[in-house]
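Provided below for reference: sequence and predicted model.
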Protein chains: 6
Amino acid sequence: MAKADRPSKGSDKGSDKSKPILQTFKGGKGSVRSPSFRGAAASREPGMTMKNAPDDAPAIVLDLGPAKLSPAMTAYFQKCQDKLGFIPNVLVAYAFDTVKLEAFAAMYNDLMLGASGLSKLEREMIAVAVSSHNRCYYCLTAHGAAVRQYSGEPLLGEQIVMNYRAARLSKRQRAMLDFAVKLTAQPWAVEEDDRERLRRAGFSARDIWDVSAIVGFFNMSNRVASATDMRPNTQYHGQAR
Amino acid sequence: MAKADRPSKGSDKGSDKSKPILQTFKGGKGSVRSPSFRGAAASREPGMTMKNAPDDAPAIVLDLGPAKLSPAMTAYFQKCQDKLGFIPNVLVAYAFDTVKLEAFAAMYNDLMLGASGLSKLEREMIAVAVSSHNRCYYCLTAHGAAVRQYSGEPLLGEQIVMNYRAARLSKRQRAMLDFAVKLTAQPWAVEEDDRERLRRAGFSARDIWDVSAIVGFFNMSNRVASATDMRPNTQYHGQAR
Amino acid sequence: MAKADRPSKGSDKGSDKSKPILQTFKGGKGSVRSPSFRGAAASREPGMTMKNAPDDAPAIVLDLGPAKLSPAMTAYFQKCQDKLGFIPNVLVAYAFDTVKLEAFAAMYNDLMLGASGLSKLEREMIAVAVSSHNRCYYCLTAHGAAVRQYSGEPLLGEQIVMNYRAARLSKRQRAMLDFAVKLTAQPWAVEEDDRERLRRAGFSARDIWDVSAIVGFFNMSNRVASATDMRPNTQYHGQAR
Amino acid sequence: MAKADRPSKGSDKGSDKSKPILQTFKGGKGSVRSPSFRGAAASREPGMTMKNAPDDAPAIVLDLGPAKLSPAMTAYFQKCQDKLGFIPNVLVAYAFDTVKLEAFAAMYNDLMLGASGLSKLEREMIAVAVSSHNRCYYCLTAHGAAVRQYSGEPLLGEQIVMNYRAARLSKRQRAMLDFAVKLTAQPWAVEEDDRERLRRAGFSARDIWDVSAIVGFFNMSNRVASATDMRPNTQYHGQAR
Amino acid sequence: MAKADRPSKGSDKGSDKSKPILQTFKGGKGSVRSPSFRGAAASREPGMTMKNAPDDAPAIVLDLGPAKLSPAMTAYFQKCQDKLGFIPNVLVAYAFDTVKLEAFAAMYNDLMLGASGLSKLEREMIAVAVSSHNRCYYCLTAHGAAVRQYSGEPLLGEQIVMNYRAARLSKRQRAMLDFAVKLTAQPWAVEEDDRERLRRAGFSARDIWDVSAIVGFFNMSNRVASATDMRPNTQYHGQAR
Amino acid sequence: MAKADRPSKGSDKGSDKSKPILQTFKGGKGSVRSPSFRGAAASREPGMTMKNAPDDAPAIVLDLGPAKLSPAMTAYFQKCQDKLGFIPNVLVAYAFDTVKLEAFAAMYNDLMLGASGLSKLEREMIAVAVSSHNRCYYCLTAHGAAVRQYSGEPLLGEQIVMNYRAARLSKRQRAMLDFAVKLTAQPWAVEEDDRERLRRAGFSARDIWDVSAIVGFFNMSNRVASATDMRPNTQYHGQAR
């Protein structure tokens, strides 16, 4: 139960001495949720262009206050910082509550990085196709970058963001994205015929589960992101162009 | 057995030594995934009424093979069995993989049973309103029963299943379900005005997060259920009528 | 009482000499449209839960005043009272005008109870599938109960209320409901191919007429019910569970 | 003649003794359902232009065989013939079964010609606006002609057929058609606010019933017409231009 | 005159020396944009019937002021006047700017009157089917008349205005309009299969271009017309009935 | 009439001596429509990834054959080549017919580059918002690049491609894009209230025309692009990141 572990009681012990963990990322004072960003959020008026405010701060429009991260999550954030150079804002958003953050991270990591008959690229393609249907700015940006990176084809990322039908996909990938978009748009109409189409394209029962679970996951994330005006870290935009 | 999915032979090999935990529930031999149910699944043809097969078996149409549950999940299943008299089929469905099951259970339990400014009834109302938009048989059945139970008003459960606008809701609850259904139907169009409507109805920033996260969660679950033809345990139908 | 509608004073004048027939049903004083229910209607505010008011009174939100029933309709209502123990609220709603009530009852009884190649259960299945698409609280409740009763399968009623695709239907019934839902959702797109699909499933020309007429009828009733906030008699909810 | 429907042999047997009443209209031999028209129907292939066949025969694509009309319906048809010069094809369509014809005619005549706070023109405007949403060829043709006739404004009929928002309507009529089209398109979303908009435009409770009942009626008729490929009598097209 | 738009004073200045060309059409004084029509526009209130104002004046609700036509456009307008007896209001609308008028006329004339594998009737059928989907009052009126004229079948024009599926089309024409309406309603979903259906119905690559370009053109015109409340010249309504 | 000029007869004169003009662009032999690209098109099978073929060739899937460009268009193409380094594929697509190319270029250049109260950036923002609704790969790519260039804000281009509601727009720009997207999605519902919203945001009558005409133009272009599988030049993807 490594990933879904609840924070042990022990994690509360050090709470008096330690300042909010998030402030230790992105360079101390200039932290993700520094007062200056919060001020930017406070002054954001609908219909006003704010060229001086960074597009990706605050992470979400709801001010939920930072929580103290568990050791596991502190390590996870450090790993993000080391590998990516930043903490993805979806994690920053969930970080107001360690239990929620850990549950989200556990599910995300299993689905997108765990063992599966789907390649990591295919999983990211699903993420983008679903997010395109739902027009989710956060997920299209973050996972569009991932498709560009995994595939080494910048255009593929662009195409799935815009209209996956414009991408020149293999039959397998096309069947996968057709299923993903139908399950997103009309879940009530997905039936045996749709599963059969995946099987004919070479997907096993376990693969069908994985496609479905990833489609489900991004239908969740897209809605959390839209509901909270989640902003993608600006770093994503330039990645792997 | 063209359409039904089989566990590979390899997965059957070890079954004598590590007896699948699920078979210990629902009375040993007559377990949730007993051969007779599996046969029922194999012979299920589209367009054929099967009066002899129980409606709720197999839990899903994909045959993923049972996994050995972790001790934590074994305890969780036992708790379900003791309290409900059965294991909810959504858990049975995820039980083919302990990591996935634990991630799902952790998120579900936090959202629906953890601390929140939303009552448990309100959270179930959101679950049903979202599932009604998505016409999800599994979730409408299981969470419709929960609304009946928590509210003590059988009609309230029925109304939210059918059309939440027909229920005589408080202004707070109506605002909550209006937000939930818009976020389900048109996530791309949810903006500050929508959040402001929740705030005016008394919802805090944290409450708005919780509403959004629950809406997201059921948009995920509805799709996993539809994609796998997940069947609600028959016991739900008669609960709290 | 700004929003609630009152019978004009003139319409009350004759009430002493021609006692509204409806008051003779459901036990005299405690009649369907007794003053207490009317008061409940008058005080109904949007967004307020009214736990003390019965859910099914008044029958509709428009106050049209009771009419004197014709002898034929008096007998019809008596028959309902004797067989069902109550007068269905759709009839109570139409009873403000005997001509309208008779026309409605004549069409309803012919379609749902008259000679047809469709069984009575099949006709009720159509009623529920159409009403599910239109999310009509009144018709889903009343005709969902009828499906449970005629079929002896409580789950079948639930499934068609929620999503008819989740029910395990015969090919004939599935073709019938596919046609019904398409004709409901996209009447402009129904063409020869759709009729041909019914013929291949064994439906005669007359059967196709009957399916179509029932689909039409409930597309009418659903709209009258939604437009008037028609409330199903509470007795339906518990029937044939 | 695979796809076209034939009367059973049995139904032809008695035709000599009980001459179908319909044949007495439209000039005896050249009756509405004469063999030549039936042949036209039988040979109608999808995708073939048939310039020689009249557009309005047969009345519907289902061959249900003519019934013997009741005396009341015989008189009704004679009245149509005398006043209009033809029997509207919707009546010809229902004439295969006198009970159905009488129920339809009773409801139609009450709604469209009976006492109401709505003018006959307003009722026809509703009919056309509903039928425009549903793109019903039969009803748009027949009731578009009625709007032209009642209003004396040929353009008004055209505009409501095409897009009622293009017509220069009074506030009352605009509110009425906005309600009619919403109740047609999204019956599940019609609520107190919608009724209140009608009240503010001067509609009484009884008027709201009448608007709703007419909207309902044409949502029924549109579907029966689409499902049966009902053809409007060609005479309508040129009326009141 | 709050809502109506006025030409700036500056634009009136030169009017004596360069008499707006438009005033020379439709009989000098009674010109298309005469003061009386402008007054009618100014006094047009939403929700008011104006029986005294002509339906087709002003051409659009935006007051953009007349421009001096180029010699080529003067000749073009004269040709319209001579052939049709009036200047189509779409040209009157564009006439506020000669460059825009010429670009529009060049594209229109090439598409609808230039060399093509599609007959002129077929091009007009596309115009009407597209405009029916978009419910464009201007284009349905003007091009519905053209279908009546080119085909000599008044009913064909009516049917495509109402629902092209009700028209008895050749396979070629049906394939053409199916493509046109799909490209109008769901351009993102048009793919090789759709083109292939046109090819199988006998359309060449160039024909497919022409169908697509005409569909595109009317999706443009429909929007310009709707956005400006463009009114069809009243003469169209009675043409070729 | 500089831009919309028809090719004079003289332009045909030299056709024997001059090779197709398009081949002179993009470096002689390696021309836009060279045999190798045409071969790629011919061998393109649905569902096959073609990593070796450039994404942007051929310009469209229809093989219409190159035409000889008029002198004006030759100059125009040369100007594109000089300024952009390539000929936009939409022009390559239209180049099979000089009349069509000139009409398209005249309209495009007037709308997007001519005098207007809208800035060039605003016009490109409209182009992208419309193309996002229609999910047009070609136009999103080409005009997304233009928004990035004109604004100097790469994120703004991304945001309007994905969901314009996520961009932090001025009130004026938000009103403009709300109008543009409504006119794209529901042209039949655009009315005086919508125009009034633009006026309140500071748009003049002429500005409203320009917004509408640009919305219309891209609703045309999106459909021509989708219908022909038009491919954006690969150079666009990296511009102004």
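That came in fine, so what should we check first?

which single residue of chain A ends up nearest chain C?
A:Trp188 (5.3 Å; C-beta to the nearest C-beta). For every residue, glycine as well, the C-beta is placed using N, CA and C.

wait, that residue touches B:Cys136, no?
Yes: counting by C-beta atoms under 8 Å, a contact exists between A:Trp188 and B:Cys136, whose distance comes to 7.3 Å.

how about the residues of chain A by chain C?
Proximity of chain A to chain C (C-beta under 8 Å from any C-beta of the partner chain) is limited to residues A:188-189, A:191.

give me the ChimeraX select line for those, limited to the buried ones.
Here is the ChimeraX selection string for the buried members of the residues of chain A next to chain C, based on 16 or more other C-beta atoms under 10 Å in any protein chain shown:
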select /A:188
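
can you list which of the residues of chain A next to chain C are found in helices?
Among those, none falls in helices (DSSP state H).

reformat the residues of chain A next to chain C as CSV; add distance to D:Lys120 and pLDDT.
Shown next, in CSV, are the residues of chain A next to chain C (distance: C-beta to C-beta, whole Å; pLDDT from 0 to 100):
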residue, distance to D:Lys120, pLDDT
A:Trp188, 42, 98
A:Ala189, 42, 98
A:Glu191, 47, 98
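
before we move on, the earlier item: got any residues that touch both of A:Trp188 and B:Cys136?
Taking C-beta atoms under 8 Å, 6 or more residues apart in numbering or on different chains as the contact rule, A:Trp188 and B:Cys136 both touch B:226, C:163.

state the helix or strand in which A:Met230 lies.
Assigned by DSSP states H and E, A:Met230 falls within no helix or strand.

would you confirm that it contacts A:Tyr138?
Yes: A:Met230 lies in contact with A:Tyr138 (C-beta under 8 Å); the separation is 4.3 Å.

higher neighbour count, these two?
Using other C-beta atoms under 10 Å in any protein chain shown as the criterion, A:Met230 and A:Tyr138 rank with A:Tyr138 on top: 30 against 26.

so who does that one touch?
A:89-90, A:221, A:225, A:230-232.

again, only using 6 Å
Residues near A:Tyr138 by C-beta atoms under 6 Å, 6 or more residues apart in numbering or on different chains: A:225, A:230, A:232.

separation between A:Ser221 and A:Phe77?
Distance of A:Ser221 to A:Phe77, computed by C-beta to C-beta, to the nearest Å: 18 Å.

the more surrounded of these two?
A:Ser221 (27 against 23).

by contact count, what packs against whichever strand or helix holds A:Leu183?
Under the criterion of DSSP H and E, A:Leu183 resides in helix A:171-185. Applying 3 or more C-beta pairs under 6 Å, 6 or more residues apart in numbering or on different chains; DSSP states H and E, one finds that helix A:171-185 contacts helix A:120-133, helix A:192-200, helix A:205-228.

any weak-confidence spans in chain A?
Chain A contains residues with pLDDT under 70 at A:1-52.

for it, which residue gets nearest to chain E?
A:Asn163 (5.3 Å).

residues near that residue, how many?
22.

and A:Arg200, by the same measure?
What A:Arg200 shows, counting by other C-beta under 10 Å, is a neighbour count of 10.

same thing with the one 5 residues further on?
A total of 23 residues lie near A:Ala205 under the criterion other C-beta under 10 Å.

same deal with A:Pro54?
A:Pro54 has 14 neighbouring residues, counting by other C-beta under 10 Å.

next, the contact list for A:Leu198, please.
By C-beta under 6 Å, 6+ apart, the residues touching A:Leu198 are A:175, A:179, A:208.

let me have those in JSON lines, extended by distance to A:Leu69 and neighbour count.
Output for these, formatted as JSON lines (distance: C-beta to C-beta, whole Å; neighbours: other C-beta atoms under 10 Å in any protein chain shown):
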{"residue": "A:Ala175", "distance to A:Leu69": "41", "neighbour count": "21"}
{"residue": "A:Phe179", "distance to A:Leu69": "37", "neighbour count": "24"}
{"residue": "A:Ile208", "distance to A:Leu69": "36", "neighbour count": "23"}
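
about what we covered before: contacts for the helix holding A:Leu183 next, please.
A:126, A:129-130, A:133, A:164, A:190, A:194, A:197-198, A:201-202, A:211, A:215, A:219, B:223, B:227, F:47.

and it with helix A:120-133, angle?
Relative orientation of helix A:171-185 versus helix A:120-133 (axes from the mean of the first three to the mean of the last three C-alpha atoms, to 10 degrees): 40 degrees.

how far away is A:Trp180 from C:Ala240?
One correction, residue A:180 is Ala, not Trp. For A:Ala180, the distance to C:Ala240 equals 40 Å [C-beta to C-beta].

now the residue nearest to A:Glu158 when sequence neighbours are not counted: which helix or strand?
The shortest distance from A:Glu158 to any non-neighbouring residue, by C-beta to C-beta, 6 or more residues apart in numbering or on different chains, is to F:His237 (6.0 Å). In the assignment (DSSP H and E), F:His237 maps to helix F:235-238.

what is that helix packed up against?
Using 3+ C-beta pairs under 6 Å, 6+ apart: helix F:235-238 touches helix F:137-151.

can you tell me which residues in chain A are near chain F?
Chain A has residues A:47, A:49-50, A:55, A:135, A:137, A:140, A:155, A:162-163, A:166, A:168, A:170-171, A:174, A:241 near chain F, with proximity defined as C-beta under 6 Å from any C-beta of the partner chain.

run the last query once more with 7 Å
Within chain A, the residues that sit near chain F (C-beta under 7 Å from any C-beta of the partner chain) are A:47-50, A:55, A:135, A:137, A:140-141, A:154-155, A:158-159, A:161-163, A:166, A:168-171, A:174, A:237-238, A:241.

quick one: neighbours of A:Gln235, just the number.
Around A:Gln235 there are 15 other residues, counting by other C-beta under 10 Å.

hmm, A:Asn89 and it touching each other?
No: contact criterion C-beta atoms under 7 Å: A:Gln235 and A:Asn89 do not qualify, at 10.3 Å.

export the contacts of A:Tyr138 to JSON lines and tack on distance to E:Met107?
Listed next are the contacts of A:Tyr138 as JSON lines, based on distance: C-beta to C-beta, whole Å:
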{"residue": "A:Ala225", "distance to E:Met107": "42"}
{"residue": "A:Met230", "distance to E:Met107": "43"}
{"residue": "A:Pro232", "distance to E:Met107": "40"}
